[in-house]
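> only the shape, not the letters, is given here:
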């Protein structure tokens, strides 16, 4: 009587060991796209074995370095590696503490869809980016999953920025393919908040400044002369007092700073008594012509 295997091929999980290498060791081509994401390159035999197994799509894998007891998760980019080898991004090999040619256990897994993740930049240089959330969102398109504790690398312009995955929900490892995930940033490593200036002392009321008394030469202080020859005192007062009339055009040297004073026109002076002197009237003389009229002869 022949027995059946305990795990048929359709139900057997994918669990294989490979020799791992960084992408720079991939012969014949330079794959910079692998370094920009979180996916690996596997041999064609892995694809043939996965198609005969009951795996959940998209294909996600758990990578384990049993010697260092380090675990991470990833997706697969292509199946073009040499048999018995897998090629990983350099940042992933560094998280797993792997050397070139070390043994790596690759196991197919199913992860929950991410709803939340929190990242901590590993350098304050990340604050120089104008829109860091958009940069991270664009870079995560090359990732299939995230694992809490990993330090991922994202190239942007001419720099490579590293982020520590501090928290993921609903689990320590989540899938980020076609998901709506909330993202938060923690303060970068080495970041120091700018020092705030001490609280300003209570503002003192402004000191009162009075106009100084004029000294030296003061213009327009002489007496005026009339064209008709009459003498009249036209001397203007230097300044007005608080009780006297306000003269137009003369500054009020007794003004108190902080007060507004609205002055009205002074009361008209009483009419002077009539005198015997004739009242001057302009342009009242007789006119003369420079050219005499000619008389016609009879």
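Received it, and whenever you're ready, just let me know what you need. Keep in mind that what you see is a predicted model, and the values were worked out from it rather than measured.

> buried sites along the lengthiest strand in the chain?
The single longest strand within the chain, with elements called by DSSP state E, is strand 159-169. Buried residues in strand 159-169, counted by 16 or more other C-beta atoms under 10 Å: 161-165, 168. Placement of C-beta: from N, CA and C, glycine included.

> I would like the residues contacting the helix or strand of the chain with the lowest mean pLDDT, please.
Ranking every helix and strand in the chain by mean pLDDT, DSSP states H and E puts helix 32-35 at the bottom, with a mean of 84. Under the criterion C-beta atoms under 8 Å, 6 or more residues apart in numbering, residues 23, 40-41, 77, 87, 89-91, 142, 153, 155 lie in contact with helix 32-35.

> hang on, the earlier thing: what helices and strands are in contact with whichever helix or strand comes after the longest strand of the chain?
With elements assigned by DSSP states H and E, the helix or strand that comes after strand 159-169 is strand 173-175. Packing partners of strand 173-175 (3 or more C-beta pairs under 8 Å, 6 or more residues apart in numbering; DSSP states H and E): strand 145-147.

> residues in contact with the strand it packs on?
Defining contact as C-beta under 8 Å, 6+ apart, one finds that strand 145-147 is touched by 38, 60, 71-75, 111, 114, 117, 152, 165, 168, 172-177.

> mind running it again at 7 Å?
38, 60, 72-75, 111, 114, 117, 165, 168, 172-176 (C-beta atoms under 7 Å, 6 or more residues apart in numbering).

> ok, so of those residues, who is nearest residue 259?
Ranked by distance to residue 259 (C-beta to C-beta), these are led by residue 117 at 65.2 Å.

> distance-wise, check that closest one relative to residue 22.
To residue 22, residue 117 is 26 Å away according to C-beta to C-beta, to the nearest Å.

> which one's more surrounded, these two?
Each of residue 117 and residue 22 has its neighbours counted (other C-beta atoms under 10 Å); residue 117 has more, 22 against 19.

> show the pLDDT at the residue nearest to that one when sequence neighbours are not counted.
Leaving aside its chain neighbours, residue 117 sits nearest to residue 168 (5.0 Å; criterion: C-beta to C-beta, 6 or more residues apart in numbering). Listed pLDDT for residue 168 reads 94.

> mind giving me the domain split of the chain?
Per the record, the chain has its domains at 15-109, 116-185, by automatic domain parsing.

> one step back: ok, the residue nearest to residue 117 touching residue 148?
Yes. Assessed by C-beta atoms under 7 Å, residue 168 is found in contact with residue 148 at 5.1 Å.

> next, count neighbours for residue 81.
Neighbour tally, residue 81, other C-beta under 10 Å: 22.
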